[in-house]
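Chemist: Provided below are the primary sequence and the corresponding predicted coordinates.
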Amino acid sequence: MKKTELIINPDGSLFHLHLLPGDIAEKIIIVGDPGRVDMIAEMLDTVRVRKSNREFSTVTGTFRDCEFTIISSGIGTDNIDILLNELDALANIDLTTGMAVEEPRSLTFVRIGTTGGLQSDLPAGSFIATTKAVGFDGVLHFYEGYEWCLDHMLADALATHLEWPDVLAYPYAVDADAALIERLASDITRGITISTPGFYAPQGRRLRLEPFDSELNDNITSFRFKGQRITNYEMESSAIYGLSKLLNHKALTICVVIANRVTGEFLSDYKPSVKKLAEHVLTGLSS
């Protein structure tokens, strides 16, 4: 493997994450904000790794005798492309030779984040577990052999409903890990989540520039597919789900609604809710 494919720092760590293979656990909690890493780390019983580079902050330690890595991704599926590939490399590539290991490990990823609700009955402060992530971002289209892991019927139905323009990347839809849903979201609202490549026009917001479709959010809210509805917007899950499927990892996203785009409600102090969700995930994964 060329040195420009798998980039190793002088200390032997991976280029962006600055982590060594022994730095990560098999159960990994992904957050967007680096500040949330420290907040969740306070719940751990022990900490053995604490590293940071750019927007990627990492803590590895134990909670109830179960080891976890908590890592921040920053914002967007472009950052997830870096994060998931480098975490997989730490688990499944010999960094000294560049060769894949003979027996690859399957990691567990749970994203804890914040989100914008797209249905009026999802108030700020509520939790949503993403059963299917729909990507408006296009990241997965750059990889070969991904067709098998997509829900083509959902993506096609949504593209038709939204009269999706050819100039945009075609939507793709990927399922969450079914076992993780049952383990962590048995009593949490579930729904389809859209991951967008931006926060403003891609989510129908207007400041000084108009989005291409002034009715985008209304049309998304009214969409139904086999009794399912789109519950929320965020910016990472499609790439987490897609890359996890391709690399044989398990993934689930659970988010706190901090803004309801239908009612206009906004939760200004959402840290207690995020902390409550983090405790729920840690407890569920360690039991």
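Modeler: On my side now, so go ahead.
Chemist: where along the stretch 51-200 of the chain do the helices fall?
Modeler: For the stretch 51-200 of the chain, applying DSSP state H, counting those that start in this stretch gives helices covering 77-92, 152-161, 178-184.
Chemist: so can I have a markdown table of those showing mean neighbour count and mean pLDDT?
Modeler: To be clear about C-beta, it is placed using only N, CA and C from the backbone, and glycine gets the same treatment. As requested, these are exported to a markdown table (neighbours: other Cβ atoms under 10 Å; pLDDT from 0 to 100):
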| stretch | mean neighbour count | mean pLDDT |
| --- | --- | --- |
| helix 77-92 | 22 | 98 |
| helix 152-161 | 16 | 98 |
| helix 178-184 | 15 | 98 |
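Chemist: Asn9: which of those is closest?
Modeler: Closest to Asn9 of the helices of the stretch 51-200 of the chain, according to Cβ to Cβ: helix 77-92, at 11.5 Å.
Chemist: CA atoms of that closest one as CSV?
Modeler: Extracted in CSV, the C-alpha atoms of helix 77-92 (Å, rounded to 0.1, in the frame of the first residue of the first chain):
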residue,chain,number,x,y,z
THR,A,77,-20.4,13.1,6.4
ASP,A,78,-17.0,14.2,5.0
ASN,A,79,-15.6,13.9,8.5
ILE,A,80,-17.3,10.6,9.0
ASP,A,81,-15.5,9.3,5.9
ILE,A,82,-12.2,10.0,7.7
LEU,A,83,-13.4,8.8,11.0
LEU,A,84,-14.9,5.4,10.0
ASN,A,85,-12.1,4.5,7.6
GLU,A,86,-9.4,5.3,10.2
LEU,A,87,-11.2,3.5,13.0
ASP,A,88,-11.5,0.5,10.8
ALA,A,89,-7.9,0.7,9.8
LEU,A,90,-6.9,0.7,13.5
ALA,A,91,-8.9,-2.5,14.0
ASN,A,92,-8.3,-4.3,10.8
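Chemist: and that helix, how far from the chain's centre?
Modeler: Distance, stretch centre to chain centre, for helix 77-92: 12 Å (Cα atoms, centre = their mean, to the nearest Å).
Chemist: What is the neighbour count of Arg224?
Modeler: 11 (other Cβ atoms under 10 Å).
Chemist: same check, this time on Ile93
Modeler: So Ile93, with other Cβ under 10 Å, has 20 neighbours.
Chemist: close enough to count as contact, it and Ala100?
Modeler: Yes. If you go by Cβ atoms under 8 Å, Ile93 and Ala100 touch, sitting 5.6 Å apart.
Chemist: And stretch 25-33, end to end?
Modeler: 20 Å (Cα to Cα, to the nearest Å).
Chemist: buried set for it?
Modeler: Buried residues in stretch 25-33, defined by neighbour count with 16 or more other Cβ atoms under 10 Å: Ala25, Lys27, Ile28, Ile29, Ile30, Val31, Gly32, Asp33.
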